[in-house]
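Undergrad: Build me a model:
(2 chains)
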Amino acid sequence: MSITLRVNPIACVGHGMCAELLPEIIRLDRWGYPILSSPAVPGPLAEHARRAVQACPTLALLIEEAASKHR
Amino acid sequence: MTTLALSPPRPPAPAARLPRLLAGIGAQPADLRRHEQQHGPMPVLRRAGRLIDVAEASGLTGRGGAGFPAGRKMRSVAAGPGSKVLVANGAEGEPASLKDRLLLSRLPHLVLDGMTLAAEAVGASEAYLCVHDTEHGLLDHLDLAVQERLAAGLDPVPIHLTGIPDRYVSSEQSSIVQYLNGGPAKPTFSPPRPHERGVHGNPTLVHNVETLAHLALIARYGDRWFRGAGLPAAPGSMLVTVSGAVARPGVYEIESGTPIGQLVMLAGGPAEPLRALLVGGYFGAWLPVQVAWPVAMTHASLKAAGGSLGAGIVIALPASSCPIAETARVVRYLAEENAGQCGPCVFGLPALADALGGLAYGGGRDGGVAQVATLLPLIERRGACRHPDGVTQLVRSMLRAFPADARGHERSGSCAGVGRSPVLPLPRDEQSFR
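TA: This is a model prediction of the structure:
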């Protein structure tokens, strides 16, 4: 399984927790909204990504688990 | 055998390929009798899915702007589970587009035929015709047309007329679906898309009213007839709205693939020397006249030219106008029309409008071209709908088409064209802001 992240921009109000917990992938723009450097999460960061998803107060950070190519 | 019905009373002669949709259009709305004289009665589908096959074979694409294959969209809705819903989108949000209003106001039965045929084809049990709730006259006369058909027993699936709020983003298909579900007329986060889960949770076919009008004719005359106009890769005819500095602005029906220059000549030619054309509406792109002139009116050609076909809008900008000021004014309008939902759009578009206003009128205060260029990637692809991306495409095309103007504004603060009255129309023009 590989995981990707996605922001629901309607739900996101810019708390910024995600950028605190996953700075390797997420930074905040000048207004405080997350910018993902890449939606794909490298394996070693998967746990941090899940934690960031759980920490989002508005449930705006989503994790999508895609089956790998070798299904 | 590709037609769905027995031959209509007056099959269109192959020599005169156009008009099709606009055949027999008069100054008054065509009533049911007049409509049937022109096109024959609405054909009876021999089999529910038949129209989907014919629509796919015709190559018809959505005429609302996105250009998705109409038949494929119908097939995916028809294949979905449970009840289905049909939505006819007649809420023309583009300030420079008049084609949907023309169709609905003069040829309502063409659209209503298309609705009933499409509803039957996908197995819909509900059908909605959506127009802006501010258009009282249009709603009234559409209601008359619906009543006329009710009396004639034409529409097995009752057609509900629905007024939706008159805002730029409210005609986006997910906005309409959310509104019909009792929510605000604002775009939603997807998936699910309307064809998966739409009105009342059911698979929902949202077609532009012009698309449905084409379907009404394709059901009568067949897919080969449809392909008899236009290009093999972009068949059929399309409605376009031409405005700005042309002698005869208005709505025209052209063959898909008509070169833009030919379209401008069809609209009477330039009313004064032209500088550029804005093609595709406010999510479209500026193209210098020489670049635009030979470009074919198709999604593919305009994409290759760095623009988009959109809903078939062409606005001619005279040489005496300032493209920077025109763009700044429209971007301010689009910024104010954001749905207030996604941060990058809520904050980014006003910042972009400020930067452009500074460039247009203030010699690059607020950072000039550099600030504009910095903001664009902070806005693009970061909203739930395409509103922010449409705006950035317009602004990028301005920077590409008019680099000397942008530099000139930075250097000398403004230009002579800024004083000219604006060419790009806005719905609130009477309030005149910049």
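Undergrad: gap between residue B:203 and chain A?
TA: 22 Å (Cβ to the nearest Cβ, to the nearest Å). (Glycine included, C-beta is placed from N, CA and C.)
Undergrad: tell me which element residue B:360 falls in.
TA: If you go by DSSP states H and E, residue B:360 is part of helix B:343-361.
Undergrad: and if you look at residue B:46?
TA: Taking DSSP H and E as the definition, residue B:46 sits outside all helices and strands.
Undergrad: three-state assignment of residue 19?
TA: Going with chain A. At residue A:19 the chain is in helix, as set by DSSP: H, G, I helix; E, B strand; the rest coil.
Undergrad: oops, chain B please
TA: Assigned with three-state DSSP, residue B:19 falls in the coil class.
Undergrad: Same question for the one 4 residues further on.
TA: Of the three states, residue B:23 takes coil according to three-state DSSP.
Undergrad: Pull up the gap between it and residue B:251, please.
TA: Distance of residue B:23 to residue B:251, given as Cβ to Cβ, to the nearest Å: 14 Å.
Undergrad: Name the residue in the two with the higher neighbour count.
TA: Neighbours were counted for residue B:23 and for residue B:251 using other Cβ atoms under 10 Å in any protein chain shown; residue B:251 has more, 21 against 16.
Undergrad: Okay, and the beta partners of the more buried one?
TA: residue B:241 (DSSP bridges).
Undergrad: hang on, residue B:96 packs against residue B:282?
TA: Yes. Assessed by Cβ atoms under 8 Å, residue B:96 is found in contact with residue B:282 at 7.2 Å.
Undergrad: Could you tell me which residues of chain A lie near chain B?
TA: Contact residues (Cβ under 8 Å from any Cβ of the partner chain) of chain A with chain B: A:7-14, A:29-33, A:35.
Undergrad: Of those residues, select the buried ones using a PyMOL command.
TA: Buried subset of the residues of chain A next to chain B, written as a PyMOL selection, criterion 16 or more other Cβ atoms under 10 Å in any protein chain shown:
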select buried, chain A and resi 7+8+9+10+11+12+14+29+33
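Undergrad: quick one, helices of the stretch 201-350 of chain B?
TA: Taking DSSP state H, counting those that start in this stretch, the helices of the stretch 201-350 of chain B run over residues B:209-221, B:223-227, B:260-266, B:289-292, B:299-304, B:323-336, B:343-361.
Undergrad: can you give me the helices in the stretch 1-150 of chain B?
TA: For the stretch 1-150 of chain B, helices defined by DSSP H, counting those that start in this stretch occupy the ranges B:32-39, B:50-58, B:70-78, B:99-106, B:108-122, B:136-152.
Undergrad: what's the neighbour count on residue B:28?
TA: Residues contacting residue B:28 under the criterion other Cβ under 10 Å number 10.
Undergrad: same check, this time on residue B:250
TA: Neighbours of residue B:250 (other Cβ under 10 Å): 15.
Undergrad: quick one: contacts of the helix or strand of chain A with the lowest mean pLDDT?
TA: Lowest mean confidence among the helices and strands of chain A (mean pLDDT, DSSP states H and E): strand A:61-66, at a mean of 88. With Cβ atoms under 8 Å, 6 or more residues apart in numbering or on different chains as the contact definition, strand A:61-66 has outside contacts at A:1-8, A:12, A:18, A:34, A:49-50, A:52-53.
Undergrad: still on that earlier bit, would you mind giving the helices of the stretch 201-350 of chain B as a markdown table with mean neighbour count, mean pLDDT and distance to residue B:272 added?
TA: Shown next, in a markdown table, are those (neighbours: other Cβ atoms under 10 Å in any protein chain shown; pLDDT from 0 to 100; distance: least, Cβ to Cβ, whole Å):
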| stretch | mean neighbour count | mean pLDDT | distance to residue B:272 |
| --- | --- | --- | --- |
| helix B:209-221 | 27 | 98 | 30 |
| helix B:223-227 | 19 | 97 | 37 |
| helix B:260-266 | 19 | 97 | 12 |
| helix B:289-292 | 18 | 96 | 12 |
| helix B:299-304 | 17 | 96 | 25 |
| helix B:323-336 | 24 | 97 | 15 |
| helix B:343-361 | 23 | 96 | 21 |
